[in-house]
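In: missing the sequence, but the structure's below:
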């Protein structure tokens, strides 16, 4: 079987004095389409280090890929809020959320709902509390 090979991805992050890396955000997906798209991920913590925010998005707003599945997971924290969007804010346009029946939020993940997800994804936002 043939396997697709992608270029390594480099992500910048801050290492702070006294800081400990105890949170992880992982994005897995399956998609189809014509060309690659550049996406971004950010992971930040509150000043008291009790909450983290993980955001995954396409900076150009709308993705033209056809997503068959997606899952954004956090480790080291419990999700208090999760939202998925079919279109991300770009220029004068606002975020367009998926319908509630298209995705589900558990204590550890935001993911597609098989059979209900309409294959459009451009942004995910997770806010979680340290466990």
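Out: Looks like it came in fine. On a predicted model such as this, the values are computed, not experimentally measured, just so you know.
In: how near is the residue positioned nearest the centre of the chain to residue 115?
Out: Centroid-nearest residue in the chain: residue 56, 3.5 Å away (criterion: CA atoms, centre = their mean). Between residue 56 and residue 115 the computed distance is 23 Å (CB to CB, to the nearest Å). Just so you know, the C-beta spots here come from the backbone N, C-alpha and C atoms, and that holds for glycine as well.
In: other SSEs contacting the host helix or strand of residue 84?
Out: Counting by DSSP states H and E, the element that carries residue 84 is strand 77-87. Under the contact definition 3 or more CB pairs under 8 Å, 6 or more residues apart in numbering; DSSP states H and E, strand 77-87 sits against strand 51-57, strand 96-97, strand 103-105, strand 109-112, strand 123-130.
In: format those strands as a markdown table; extra columns: mean pLDDT.
Out: A markdown table is the format used below for the helices and strands packed on strand 77-87 (pLDDT from 0 to 100):
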| stretch | mean pLDDT |
| --- | --- |
| strand 51-57 | 92 |
| strand 96-97 | 96 |
| strand 103-105 | 98 |
| strand 109-112 | 98 |
| strand 123-130 | 95 |
